[in-house]
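Visitor: Sharing a model that was predicted from the sequence below.
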Amino acid sequence: MMNCNVAGFGWVAVDGLGAGKSGTFHGFTAGELAPVTRQDLFDRPDRRFGRMDSFSKLGLAAITFALRDAGLEEWQEKRSVGILADTFSGCLQTDCDYFNSVIPDEGVFASPQLFAYTLSNTFLGEAALRFGLTGNCQVVNCCADDGLSVIHQAIESIQWGEDERVVVGFCELSSNGALNAPGALFMVLEAADVARSSLMALTINQQGAMSCHGKSVDTVTMLVEVLAGT
């Protein structure tokens, strides 16, 4: 059996964005996401954030709220914290936008700003730099029906001592991903023996079945329902 704690979570959805302990999370619904602005996240002006593409802003926002919810946003020394993100479409829209800037005039006016965000893992590096995270960072497409593979991977990383904590979740501009709606959801997972207050326990039994807060979790949709009920 593998156990860990959910120290906090953050989300961006059609009906709003925020951190777990605020108690305003109601899950994900179809619709159009509002643009994520710097004012949604940070008090001070941030030119680097303004240059980011929509996919990266979406992921960074949910990670920021998750770390804030867990009390881990502020830091003095770098931490062995990993980031794992599952996505279906990734930064495909940015890739298309960049390609459309390359086509005219044989690429003379290709956008270097867009090019910087034509990899789906760019926002992980941005988060690692901002918050002093030195752990393993990966973007995956698990392609599994339940969508939970990335969470299994995060728990294993903690159990095997690869990272002290892992920020794990989902980021999708379309409705094709594990959330079945546009949005982002990230949780901060840490070892069960860490002497800190946590939101809930996350467990995988010997048969590989997952439970969260004492409730069976067979899909990402069920996990979202548990988080929305906290």
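Guide: Alright, I've got the coordinates. Residues are numbered from 1 along each chain as shown.
Visitor: Show me how far the longest helix anywhere in the chain is from its chain's centre.
Guide: In the chain, assigned by DSSP state H, the helix with the most residues is helix 54-69. Relative to its chain's centre, helix 54-69 lies at 6 Å (Cα atoms, centre = their mean, to the nearest Å).
Visitor: Need the CA coordinates for that helix. PDB is fine.
Guide: Output of helix 54-69 as PDB, limited to C-alpha atoms (Å, rounded to 0.1, in the frame of the first residue of the first chain):
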ATOM      1  CA  SER A  54      -2.400  30.800 -22.800                       C
ATOM      2  CA  PHE A  55      -1.500  27.200 -22.100                       C
ATOM      3  CA  SER A  56       1.500  28.100 -19.900                       C
ATOM      4  CA  LYS A  57      -0.500  30.800 -18.000                       C
ATOM      5  CA  LEU A  58      -3.200  28.200 -17.300                       C
ATOM      6  CA  GLY A  59      -0.800  25.600 -15.900                       C
ATOM      7  CA  LEU A  60       1.300  28.100 -14.000                       C
ATOM      8  CA  ALA A  61      -1.800  29.600 -12.400                       C
ATOM      9  CA  ALA A  62      -3.100  26.200 -11.000                       C
ATOM     10  CA  ILE A  63       0.400  25.300  -9.800                       C
ATOM     11  CA  THR A  64       0.800  28.700  -8.100                       C
ATOM     12  CA  PHE A  65      -2.600  28.300  -6.300                       C
ATOM     13  CA  ALA A  66      -1.700  24.700  -5.300                       C
ATOM     14  CA  LEU A  67       1.600  25.800  -3.700                       C
ATOM     15  CA  ARG A  68      -0.100  28.700  -2.100                       C
ATOM     16  CA  ASP A  69      -2.700  26.500  -0.600                       C
END
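Visitor: okay, the angle between the helix or strand following that helix and helix 54-69?
Guide: Heading C-terminal from helix 54-69, the first helix or strand you meet, by DSSP states H and E, is strand 81-86. Inter-element angle recorded for strand 81-86 and helix 54-69: 130 degrees (by axes from the mean of the first three to the mean of the last three Cα atoms, to 10 degrees).
Visitor: residue contacts, the residue of the chain most remote from its centre?
Guide: For the chain, the residue at maximal distance from the C-alpha centroid (Cα atoms, centre = their mean) is residue 105, at 37.4 Å. Going by Cβ atoms under 8 Å, 6 or more residues apart in numbering, residue 105 touches no other residue. (Each C-beta comes from the backbone N, C-alpha and C, glycine too.)
Visitor: Quick one: name whatever helix or strand follows the worst-scoring helix or strand of the chain on mean pLDDT.
Guide: The helix or strand of the chain with the poorest confidence is helix 112-115; it has a mean of 74 (mean pLDDT, DSSP states H and E). Downstream of helix 112-115, the first helix or strand assigned by DSSP H and E is helix 122-131.
Visitor: And residue 18, what's its pLDDT?
Guide: Listed pLDDT for residue 18 reads 94.
Visitor: Same check on residue 97?
Guide: On the pLDDT scale, residue 97 gets 80.
Visitor: quick one: it from residue 51, how far?
Guide: Remark: distance between residue 97 and residue 51 (Cβ to Cβ, to the nearest Å) = 14 Å.
Visitor: neighbour count winner among these two?
Guide: Each of residue 97 and residue 51 has its neighbours counted (other Cβ atoms under 10 Å); residue 97 has more, 16 against 13.
Visitor: I'd like the secondary structure assignment at the more buried one, please.
Guide: helix (DSSP: H, G, I helix; E, B strand; the rest coil).
Visitor: where are the low-confidence patches of the protein?
Guide: 106-109, 142-145, 194-198, 230 (pLDDT under 70).
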